[in-house]
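In: Let me see the structure of the following:
(2 chains)
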2 protein chains.
Amino acid sequence: MKVLLIGANGGVGQHIVPLLQNSTEHSVRAMVRKEEQAEKLRDNGIEAVVASLEGTVDEIIEAGKDCDAFIFSAGSGGSTGEDKTLLVDLDGAGKSIEAAEKLGIKRFVMVSALQAHHRENWNGNLLPYYVAKHYADKVLESSSLNYTIVRPGGLLNDAGTGKVKVSENLERGSIPREDVAKTVVTAITEEATFKRGFDLVSGDQDVSEALRSL
Amino acid sequence: MKVLLIGANGGVGQHIVPLLQNSTEHSVRAMVRKEEQAEKLRDNGIEAVVASLEGTVDEIIEAGKDCDAFIFSAGSGGSTGEDKTLLVDLDGAGKSIEAAEKLGIKRFVMVSALQAHHRENWNGNLLPYYVAKHYADKVLESSSLNYTIVRPGGLLNDAGTGKVKVSENLERGSIPREDVAKTVVTAITEEATFKRGFDLVSGDQDVSEALRSL
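Out: Numbers count the residues shown, from 1 in each chain, chains lettered A, B, ... in the order given. Take a look at the predicted model:
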């Protein structure tokens, strides 16, 4: 599958790029916000397009042409205001979902957050972020797409172990970004993840085994 | 119908209260954030409950018991930060929708904003507000409720004229809050407004005639 990776320059996205690029099953088109980010990717032989999640749906449609799947791993990050949380994490996701629907692309993998589906478990310091992720996920669930919602715990920069724990609901935990990336890429074709979401933290199962068991 | 009015102390809500209170068809339970607001309403013979849109869904369920319809006219207002836009205008609406569903209350009238359904017509200065209203409306549309989404133009404090213009899409315009209130209350039982949204500005049709013609 040719995958449009939305948020290719993000913490998780940067780990997804090489996994897709080196895959025998998939190829990647990296969507980034700035021309300089695209050029850096192209210097490494990676196809890249520049498009803004604060732009129009048409911009994302243009970026996603001829793709077979979308991965949404973009986020406005912790250092911006809540206006960007609304515009990027929520409406950027909503626009991406619309773009996929208009392109007739069926497969959509969303990087969300642990327990984003259960308000009572939201971290008080990150409430606005959780609200944005919650409603982005809800819109995806009520779309016509074949979605998977990956909800990782606290993101670490540690090297990946390839070992995870997945379930509809998990206690708070953490996981290296590299392992989130591996889970997202493995999920693309794993039918057990179709039309559902799951929490994800570090564990003791191989990624593909864990996803198959969902 | 017994109506739970969520946001009874707001600019539009304050005009809805007397319309419901003086109606022969309806009665009102005013939901407000502070005990002092509730007491002021009770002093005027109006049934009032205190519940916070930043609290739990259960709090809203408790407030809405034995009601037949919900009106959502709450908003965090222009003077708060975007975190409140996410928590009140979006998640407060989402919680109210869940509460209505859990109570088995079918009728839900939402006060939204002109063109909230069309991103390309959003006012740049109010982008985060429009994002919140857009997704609140989307969640309502994909709920099991019999909804009406009233999307007024710029809100004025002028006295109402009782004359409006309604349509699926209207050019930018304005309307007194009192006329928005009259439209919302008239919509409760007007079948032409069931399961749909409409833009609303001042015009030259009587409210009931305008809604019937939708």
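
In: Just the buried positions in stretch A:60-77, please.
Out: In terms of neighbour count (16 or more other Cβ atoms under 10 Å in any protein chain shown), stretch A:60-77 has its buried residues at A:60-61, A:63-64, A:67-76. No exception for glycine: its C-beta is placed from N, CA and C like everyone else's.

In: for these, which one is nearest chain B?
Out: residue A:76 (11.4 Å; Cβ to the nearest Cβ).

In: who's in contact with the closest one?
Out: A:84-85, A:87-89 (Cβ atoms under 8 Å, 6 or more residues apart in numbering or on different chains).

In: filter those to the buried ones?
Out: Buried among those (16+ other Cβ under 10 Å): A:84-85, A:87-89.

In: could you dump the contacts of residue A:76 to CSV with secondary structure and distance to chain B?
Out: Below are the contacts of residue A:76 laid out as CSV (DSSP: H, G, I helix; E, B strand; the rest coil; distance: Cβ to the nearest Cβ, whole Å):
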residue, secondary structure, distance to chain B
A:84, helix, 9
A:85, helix, 7
A:87, helix, 6
A:88, helix, 10
A:89, helix, 10
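
In: would JSON lines of these with pLDDT be doable?
Out: Output for the contacts of residue A:76, formatted as JSON lines (pLDDT from 0 to 100):
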{"residue": "A:84", "pLDDT": "91"}
{"residue": "A:85", "pLDDT": "92"}
{"residue": "A:87", "pLDDT": "94"}
{"residue": "A:88", "pLDDT": "96"}
{"residue": "A:89", "pLDDT": "96"}
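
In: count of neighbours near the residue of chain A found nearest chain B?
Out: Nearest residue of chain A to chain B (Cβ to the nearest Cβ) works out as residue A:82 at 3.7 Å. Applying other Cβ atoms under 10 Å in any protein chain shown, we find 22 other residues in the vicinity of residue A:82.

In: cool, residue A:39 as well?
Out: For residue A:39, using other Cβ under 10 Å, the count is 12.

In: In contact with it: list those residues for me.
Out: When contacts are counted by Cβ under 8 Å, 6+ apart, residue A:39 touches residue A:48.

In: Give me the phi and psi angles of it.
Out: phi -60, psi -40 (degrees, to the nearest 10).

In: Please apply the same query to residue A:176.
Out: phi -60, psi 140.

In: which residues does it bridge with?
Out: Taking DSSP bridges as the rule, residue A:176 bridges to residue A:156.

In: which ones are touching residue A:47?
Out: A:27-30, A:41.

In: run the last query once more with 6 Å
Out: residue A:29 (Cβ atoms under 6 Å, 6 or more residues apart in numbering or on different chains).

In: before we move on, what about residue A:93?
Out: A:72, A:136.

In: where does it sit relative to residue B:9, distance-wise?
Out: 33 Å (Cβ to Cβ, to the nearest Å).

In: How about residue A:67?
Out: 49 Å.

In: Same question for residue A:45.
Out: Distance, residue A:45 to residue B:9, using Cβ to Cβ: 60 Å.

In: When these two are compared, which one has more neighbours?
Out: Using other Cβ under 10 Å as the criterion, residue A:45 and residue B:9 rank with residue B:9 on top: 21 against 7.

In: For chain A, see how far away that one is.
Out: Shown here: residue B:9 relative to chain A, a distance of 23 Å by Cβ to the nearest Cβ, to the nearest Å.

In: OK, contacts around residue A:14?
Out: Residue A:14 neighbours (Cβ under 6 Å, 6+ apart): none.

In: helix, strand or coil for residue A:166?
Out: What DSSP: H, G, I helix; E, B strand; the rest coil gives for residue A:166 is strand.

In: so what's it up against?
Out: A:198, A:200, A:210.

In: Tell me how far the closest residue to residue A:75 other than its chain neighbours lies from residue B:126.
Out: Nearest residue to residue A:75, sequence neighbours excluded (Cβ to Cβ, 6 or more residues apart in numbering or on different chains): residue A:89, at 5.6 Å. Distance, residue A:89 to residue B:126, by Cβ to Cβ: 18 Å.

In: Check residue A:178 too.
Out: Distance from residue A:178 to residue B:126, by Cβ to Cβ: 40 Å.

In: Which of the two has more residues huddled nearby?
Out: Legend: neighbour count by other Cβ under 10 Å for residue A:178 and residue B:126, higher for residue A:178 (22 against 14).

In: so who does the more buried one touch?
Out: Contacts for residue A:178 (Cβ under 6 Å, 6+ apart) come out as A:15, A:160.

In: Next up, phi/psi of it, please.
Out: The phi/psi pair for residue A:178 (degrees, to the nearest 10) reads phi -60, psi -40.

In: picking up where we left off before, taking the contacts of residue A:166 one by one, which sit in strands?
Out: A:198, A:200 (DSSP state E).

In: Distance to residue B:173 and neighbour count added to the contacts of residue A:166, as JSON lines?
Out: JSON lines is the format used below for the contacts of residue A:166 (distance: Cβ to Cβ, whole Å; neighbours: other Cβ atoms under 10 Å in any protein chain shown):
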{"residue": "A:198", "distance to residue B:173": "47", "neighbour count": "24"}
{"residue": "A:200", "distance to residue B:173": "48", "neighbour count": "28"}
{"residue": "A:210", "distance to residue B:173": "55", "neighbour count": "22"}
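
In: Following element in sequence after the helix or strand bottoming out on mean pLDDT in chain A, please.
Out: Among the helices and strands of chain A, helix A:82-84 carries the lowest confidence by mean pLDDT, DSSP states H and E, at a mean of 87. Downstream of helix A:82-84, the next assigned helix or strand under DSSP states H and E is helix A:91-103.
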